[in-house]
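Undergrad: Sharing a sequence plus its predicted fold:
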2 protein chains.
Amino acid sequence: MAGRNADYVLHGYFRSSTSFRTRIALNLKDLPYDQVTYNLRSGEQRSEGYLQRNAQGAVPTLQLPDGSHLSQSLAIIEWLDETHPEPPLLPQEPLARARVRTLSYAVALDIHPLNNLRVLKRLRSQFDADDEAVADWFRHWVAVEYSALERRLAGETETGRFCHGDQVTMADLCLVAQSVNNRRFDVDERPYPTIRRIVETCLEREEFERALPANQPDAD
Amino acid sequence: MAGRNADYVLHGYFRSSTSFRTRIALNLKDLPYDQVTYNLRSGEQRSEGYLQRNAQGAVPTLQLPDGSHLSQSLAIIEWLDETHPEPPLLPQEPLARARVRTLSYAVALDIHPLNNLRVLKRLRSQFDADDEAVADWFRHWVAVEYSALERRLAGETETGRFCHGDQVTMADLCLVAQSVNNRRFDVDERPYPTIRRIVETCLEREEFERALPANQPDAD
């Protein structure tokens, strides 16, 4: 960002959903960051240099101004919210916080870990899965969880312009990153009108739009 | 627990790792709870009655004294910690909290979602995976993540008697539930001496021991 020094360095990859979530959070908190990219397809995240920053060999890692490193996107987002409270990414009241975390985890625990690159690769190597079988697997888990999530979001009065009320929360970050990823596997989102409305509302915001995979320096 | 009224009802299953984590948290917070069991093998968690409590059709769900319901074990644990702060399951300082969450998610996001019952069933139905292939899949993800976790826990000065210092945190709950689950798939934990030491230290505590799958009323 021209004219502003970046105190943070985000080690990530343009297409990684977890990097995408983290970029949105940094943008919403108005924290400038530089990016270092690791091509997950060629395994750059398993280089010795990167393993020093992140023992799991996974993206993203956020390098802090003091040189320390944080990993796991949800832990980074919670840390950002605790140390830079405005605008909040979690509400104040404990039951409301639990609802936002539950919605976040319905995507971040129950869809994304099953559908990320290393898992799809393992399906190919262990079960000889072809492109169509991999796409079926991906779409299966999205359908299971998006059906339940749509029912919740459509049926609960806490849902507003966003997943929880009229302010963006961590749940929206997870949902938008998943839905953008879904496009690569031709997921039919017509059965999920509430999810679609929320994702579209988010993507009208500059902080989300600027974080999109296609808008990163390493996009191919 | 004889002589104490249970204000909470835990809807779960003895063998579910996420129910196990939640039982440990309730025990550590000294909150009495009744249990209602759903046999995941026969699909009881997808009954219409249970879906009213939990739209995802997943265990656990914690029913609160006011009759409302919380789902997703990590969201429940964070809620318990916010509303019943003693003993804390997360440290106070933001960087320390981030470390505990990162260690928790290395298990709860990067191992468990790949290895739970619904996923193993899907491997059987979509790829004709047999028992041995399913066990290979399970052990693969444990090996990848436990190797990285062992390196972190053994190498970082923040590690103490437990994953983070000398107090039990959310990370220990996730780790113990995973390691107990690993026994069912004959995972060789000899390469992970730090993890084994922490798990054994935890299991010496009554709150962990009482939460073990084998010690639940619905254990078979």
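TA: Nice, I can see it. Numbering: from 1, shown residues only, chains lettered A, B, ... in the order given.
Undergrad: If you count contacts, what does the longest helix along chain A end up packed against?
TA: Criterion DSSP state H: the longest helix present in chain A is helix A:131-155. Judged by 3 or more C-beta pairs under 8 Å, 6 or more residues apart in numbering or on different chains; DSSP states H and E, helix A:131-155 is in contact with helix A:94-108, helix A:112-115, helix A:117-127, helix A:170-182, helix A:193-203, helix B:117-127. All C-beta atoms are positioned from the backbone trio N, CA, C, and that covers glycine.
Undergrad: out of the ones you listed, nearest to B:Leu70?
TA: B:Leu70 lies closest, by C-beta to C-beta, to one member of these: helix A:94-108, at 5.3 Å.
Undergrad: from the middle of its chain, how far away would the closest one be?
TA: In terms of C-alpha atoms, centre = their mean, to the nearest Å, the centre of helix A:94-108 is set 14 Å apart from its chain centre.
Undergrad: avg pLDDT for that helix?
TA: The average pLDDT within helix A:94-108 is 98.
Undergrad: Alpha carbons only: can I get it in CSV?
TA: Provided in CSV are the C-alpha atoms of helix A:94-108 (Å, rounded to 0.1, in the frame of the first residue of the first chain):
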residue,chain,number,x,y,z
PRO,A,94,-20.4,-14.8,25.1
LEU,A,95,-23.4,-16.5,23.5
ALA,A,96,-23.0,-14.3,20.4
ARG,A,97,-19.3,-15.1,20.3
ALA,A,98,-20.1,-18.8,20.5
ARG,A,99,-22.6,-18.4,17.6
VAL,A,100,-20.0,-16.7,15.4
ARG,A,101,-17.3,-19.3,16.3
THR,A,102,-19.8,-22.2,15.6
LEU,A,103,-20.6,-20.7,12.2
SER,A,104,-16.9,-20.2,11.5
TYR,A,105,-16.0,-23.7,12.4
ALA,A,106,-18.8,-25.2,10.4
VAL,A,107,-16.8,-24.0,7.4
ALA,A,108,-13.2,-23.9,8.8
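Undergrad: What residues sit buried inside it?
TA: Residues of helix A:94-108 classed as buried by neighbour count (16 or more other C-beta atoms under 10 Å in any protein chain shown): A:Arg97, A:Ala98, A:Arg99, A:Val100, A:Arg101, A:Thr102, A:Leu103, A:Ser104, A:Tyr105, A:Ala106, A:Val107, A:Ala108.
Undergrad: I figured the third one hits A:Gly160, correct?
TA: Just to be clear, that refers to A:Arg99. No. With contacts counted by C-beta atoms under 8 Å, A:Arg99 stays clear of A:Gly160, the gap being 12.0 Å.
Undergrad: thinking again about what came up before, could you give me the buried positions within the longest helix of chain A?
TA: A:133-135, A:137-139, A:141-142, A:144-146, A:148-150, A:152-153.
Undergrad: try stretch A:62-69
TA: Neighbour-count burial for stretch A:62-69, with 16+ other C-beta under 10 Å as criterion, is recorded at A:Leu62, A:Gln63, A:Leu64, A:His69.
Undergrad: quick check, nearest of those residues to A:Ile195?
TA: Closest approach to A:Ile195 among the buried residues of stretch A:62-69 (C-beta to C-beta): A:Leu62, at 27.5 Å.
Undergrad: quick check, the closest one in a strand?
TA: Yes. Counting by DSSP: H, G, I helix; E, B strand; the rest coil, A:Leu62 is located in a strand.
Undergrad: Contact partners for it?
TA: Counting by C-beta atoms under 8 Å, 6 or more residues apart in numbering or on different chains, A:Leu62 makes contact with A:Tyr8, A:Val9, A:Leu10, A:His11, A:Thr22, A:Tyr33, A:His69, A:Leu70, A:Ser71, A:Ile76.
Undergrad: go with 10 Å
TA: Neighbour list for A:Leu62: A:8-12, A:19, A:22, A:25-26, A:31, A:33, A:53, A:68-73, A:75-77, A:79-80, B:98 [criterion: C-beta atoms under 10 Å, 6 or more residues apart in numbering or on different chains].
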